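Engineer: sequence first, then the predicted structure:
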Amino acid sequence: MAGALPRPKRNSTQSKPTVAPEDVLYTDKDRSGDILELELTSLCPNPFNKREMKGVPELAATIKEVGLLQNIAHIRAEVWIQTYPETADKITAPNVILFGEHRWRALQELGWEKIPSVLRDDKVADARLITLIENLRRAQLSPLEEAEHYQALREAGLSYEQIAEKVGETADGAISKGTVWKRVKLLELSPEVQQALRDGTLKVSAAEKAQQLDGEDQRAYLSLVRGGARPAEAHAQILARQRQPEDAADDAPVSNENGSGGEALGLPDTSPETTAVSTGNGEAAASPASKRAKQAKKTAGKDDADRRAAAAARDTHCRLLLETTDPSDPDSHELILSVLAAAVLAPQQQSAAQQRAYAWLREINRHGLEAADAAAYFNAVQDSSDSALQRLAAFASALAAAELRTSARRQSWSSREIHHVRVLQEHAQYEPQTEWEQKELGLVTAGGDR
């Protein structure tokens, strides 16, 4: 039997199946996650890295002894520039270091030519955040370096709360949105105060108190702290200096019906409280009444200075609370309702409160609408359809009313003033520093014991 004839070939009428590039098992193109051996010269620093390049020689010595224990990571320059075109002038090589710049510089010192690096093009959108987290976990960033990182994330559109959540666990533990806010505000300090903070001659807590002063007063405050004054005392002294013209007017002698106060006319003062008593040896001794009056005046002066210092500090933390509270977040509703309730139940200072609230909102750039003055602004907010802005404006006004009432009260605080300060303590990281305020809150006794 003759062998079977071969079957004729058929041309298929269907097109060959196509395979997406990401489904191909093997390709000749590098993909995110691949470890590559790169020339050191093919890498350039990360423009977002604010960390000082300290300790590179020590790191080089360690690598020379034990080897490179961890790879660095990089993003291709074209991918980087496509996402961050504003940094194009700083990209000087085909690849940008995502993290590991210290190791890259250490290998340069050792004379290496190549370095293993993980390609991470897939992380380019999170480059700012990754750079910050890497620095926080690997090294103790200076407060200003940390502030610059946070500010960059703010400019990228993240809120203070989002930054705190995303950064999560750092080298020092979890951070709060209030801490992020305080750090960013350090960048607004005068150059002299920033330099003192940078070189370690001023602590962060002391620098934060300087935020409540203007530029000239910040420099005076810095001199006092460097001279040995406690930050709270230095702050109170600056505020007292600001009040000197008003205090001098209060101290001016005034004539009364009995002729006391006649020293303003060059006449002796013969009032019982100020008449000197002879000691028998030619010297005059102040009367007991005069001593009591001077002591009372001294105590009242210190209390006034304490109240002014506390009011300035609370004002700063009110702005912090406004800037870090999201009125559209359900988690913030209880806080907002608490402050609103306290304002509704208290005597109103609507006009003054709206002026203070409008000033706060403009300072933190959360006013949302432009207006000629506070009254026009709140009318515009009420007429708008922005419910989140309405809640924020109402919250700001209630907060301002509470602060004005607390600042103006010269007698012992009632439960309303104490509630206001407790809100700032719980939600704005406020810490009462003056003895007068601590006494009103029950944190110290009249004798100063805690």
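Structural biologist: Yep, that arrived. Residues are numbered from 1 along each chain as shown.
Engineer: tell me where the stretch 1-150 of the chain has strands.
Structural biologist: 35-39, 43-44, 72-76, 95-99, 114-119 (DSSP state E, counting those that start in this stretch).
Engineer: A147: which of the ones you listed is closest?
Structural biologist: Counting by CB to CB, A147 lies closest to strand 95-99 out of the strands of the stretch 1-150 of the chain; the figure is 19.7 Å. No exception for glycine: its C-beta is placed from N, CA and C like everyone else's.
Engineer: tell me what the closest one is packed against?
Structural biologist: Judged by 3 or more CB pairs under 8 Å, 6 or more residues apart in numbering; DSSP states H and E, the packing partners of strand 95-99 are strand 43-44, strand 72-76, helix 77-83, helix 127-138.
Engineer: L186 contacts P143, doesn't it?
Structural biologist: Yes. The pair L186 and P143 qualifies as a contact (CB atoms under 8 Å) at a distance of 5.9 Å.
Engineer: identify the contacts common to those two.
Structural biologist: Listed contacts common to L186 and P143 are 197, 204, 207; contacts here mean CB atoms under 8 Å, 6 or more residues apart in numbering.
Engineer: got the phi and psi for the nearest residue to the first one once chain neighbours are set aside?
Structural biologist: What it means is L197. Excluding its sequence neighbours, the residue lying closest to L197 (CB to CB, 6 or more residues apart in numbering) is A207, at 4.9 Å. Note on A207: backbone dihedrals following degrees, to the nearest 10 are phi -60, psi -40.
Engineer: state the distance from A207 to L43.
Structural biologist: Applying CB to CB, to the nearest Å, the value for A207 to L43 is 36 Å.
Engineer: over to H149?
Structural biologist: Taking CB to CB, one finds H149 at 21 Å from L43.
Engineer: more crowded one of L186 and P143?
Structural biologist: Looking at L186 and P143 with other CB atoms under 10 Å, you find the greater number of neighbours at L186, namely 22 against 18.
Engineer: ignoring the adjacent residues along the chain, who's closest to that one?
Structural biologist: A147 (4.7 Å).
Engineer: beta-bridge partners for the nearest residue to L107 once chain neighbours are set aside, please?
Structural biologist: Among residues not flanking L107 along the chain, I115 sits closest, at 5.4 Å (CB to CB, 6+ apart). Bridge pairing for I115 (DSSP bridges) gives the partners L38.
Engineer: how near is I115 to A106?
Structural biologist: The value you get for I115 to A106, if CB to CB is used, is 10 Å.
Engineer: Q194 reaches S142, doesn't it?
Structural biologist: No. With the criterion set as CB under 8 Å, Q194 and S142 do not qualify as a contacting pair; they are 10.5 Å apart.
Engineer: and these two? which has more neighbours close in?
Structural biologist: More neighbours sit around Q194 than around the other of Q194 and S142, counting by other CB under 10 Å; the figures are 20 against 17.
Engineer: that one: what's it in contact with?
Structural biologist: With contacts taken as CB under 8 Å, 6+ apart, Q194 has the following neighbours: 144, 186-187.
Engineer: need these in JSON lines (columns: distance to R307).
Structural biologist: Conversion of those to JSON lines gives the following (distance: CB to CB, whole Å):
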{"residue": "L144", "distance to R307": "32"}
{"residue": "L186", "distance to R307": "26"}
{"residue": "L187", "distance to R307": "30"}
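Engineer: just the ones of the residues you listed in helices?
Structural biologist: The helices, defined by DSSP state H, take in L144 from those.
Engineer: residues touching the nearest residue to T201 once chain neighbours are set aside, list them.
Structural biologist: Nearest non-adjacent residue to T201, counting by CB to CB, 6+ apart: R226, 6.7 Å away. By CB under 8 Å, 6+ apart, the contact list for R226 reads 196, 201-202.
Engineer: which regions of the stretch 201-350 of the chain lie under the pLDDT threshold?
Structural biologist: Within the stretch 201-350 of the chain, the ranges that satisfy pLDDT under 70 run 242-302, 341-349.
Engineer: could you measure from the residue nearest to the spatial centre of the chain over to A220?
Structural biologist: With the centre of the chain defined as its mean C-alpha position, the nearest residue by CA atoms, centre = their mean is K182, 1.7 Å away. Distance, K182 to A220, by CB to CB: 22 Å.
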